[in-house]
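**Student:** My questions are about this predicted structure, shown below with the sequence.
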Amino acid sequence: MAHRIAAVESGSIAEQCGLRPGDALLSINGEKVLDQIDYQFLTARERLVLEVKDAKGVYEVRLEKDEDEPLGLTFESTLMSRPRCCANQCVFCFIDQMPKGLRNTLYVKDDDWRLSLIMGNYITLTNLSQKEFDRIIARKASPLYLSIHATDGQVRARMMGNQSASRILSQLQRLKEAGISFHCQIVLCPGLNDGEVLDRTLEALSGLSPNAKSAALVPVGLTRHREGLAALEPFDSDSARGLLSQAHAWQ
């Protein structure tokens, strides 16, 4: 996989090594670079062998630098890869509730662990192959920001319209065992994942401490644009007060 260099920082190590815009990075220390996560992880080392392609052909650049010192390269794509999209059909999806006719980018449903690590986007972990989950562990991607909603596998799968969502507890346990920390959010839909289900979810997350750093409770937001979507009710004053009391007990 070749990643085309868009810019080289003036005075940087990359410039000193002769790298130029238009060159393409092929590998680092013999490893293919899949995306920005691989690039940051691999270039953190002190000794590097870069495989580079320019107009004349493929060649190697050998260099030494301080640990974590950046090379000074900018690539044509920030992620160095296409963002991964959501594989769910959540009953509360805010994108499904938007009016038609807005700009196209507002309708993109991203669910990408790399954006979670880099930008704090909340992700569900439902669209990951075993190989990609292993890469999260290998690249020490911490902290992540995770949309949990429920730790009960059946409840979560029903809310998210995806049977893969039922694996969440085993995924969280593996992240903890690997030393990866995570922040959680729970979109609360009355009658689905509140009440006793919420208590069980918070109990399970507390058992994953200290890797489970936080749990944000988000009452479901509903718009006028829900034609053909699942029937949901918002919290009212009484149920909101009950939710606050429940949350305070867990705090």
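**Tutor:** Great, that's in hand.

**Student:** For residue 247, which residues are in contact?
**Tutor:** Applying Cβ atoms under 8 Å, 6 or more residues apart in numbering to residue 247 gives the contacts residue 217. Where you see a C-beta, it was placed from the backbone N, CA and C, and this is true even at glycine.

**Student:** Output the helix or strand containing it as CSV, nothing but the C-alphas.
**Tutor:** Element membership for residue 247 (DSSP states H and E) is helix 237-250. Provided in CSV are the C-alpha atoms of helix 237-250 (Å, rounded to 0.1, in the frame of the first residue of the first chain):
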residue,chain,number,x,y,z
SER,A,237,-40.1,15.3,34.1
ASP,A,238,-40.8,12.4,36.4
SER,A,239,-38.7,9.8,34.6
ALA,A,240,-35.9,12.3,34.2
ARG,A,241,-35.9,12.9,38.0
GLY,A,242,-35.8,9.1,38.5
LEU,A,243,-32.9,8.8,36.1
LEU,A,244,-30.9,11.4,38.0
SER,A,245,-31.5,9.6,41.3
GLN,A,246,-30.4,6.4,39.8
ALA,A,247,-27.3,8.0,38.3
HIS,A,248,-26.4,9.7,41.6
ALA,A,249,-26.5,6.3,43.4
TRP,A,250,-23.9,4.9,41.0
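
**Student:** The stretch 101-250 of the chain: helices as residue ranges?
**Tutor:** All helices of the stretch 101-250 of the chain, identified by DSSP state H, counting those that start in this stretch, fall at 113-119, 130-138, 153-160, 168-177, 195-206, 237-250.

**Student:** Would you reformat these as TSV and include mean pLDDT and distance to residue 104?
**Tutor:** Compiled in TSV, these are given as follows (pLDDT from 0 to 100; distance: least, Cβ to Cβ, whole Å):
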stretch	mean pLDDT	distance to residue 104
helix 113-119	94	18
helix 130-138	95	26
helix 153-160	97	24
helix 168-177	98	31
helix 195-206	98	35
helix 237-250	95	35
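
**Student:** and of those, who's closest to residue 64?
**Tutor:** helix 130-138 (24.0 Å; Cβ to Cβ).

**Student:** how about the helices of the stretch 101-250 of the chain, which one is nearest residue 29?
**Tutor:** Closest among the helices of the stretch 101-250 of the chain, once you apply Cβ to Cβ, is helix 130-138, at 14.2 Å.

**Student:** Tell me which other helices or strands that closest one touches.
**Tutor:** helix 168-177 (3 or more Cβ pairs under 8 Å, 6 or more residues apart in numbering; DSSP states H and E).

**Student:** how long is stretch 58-75 end to end?
**Tutor:** 18 Å (Cα to Cα, to the nearest Å).

**Student:** List the buried residues for it?
**Tutor:** Buried residues in stretch 58-75, defined by neighbour count with 16 or more other Cβ atoms under 10 Å: 61, 65, 71-73, 75.
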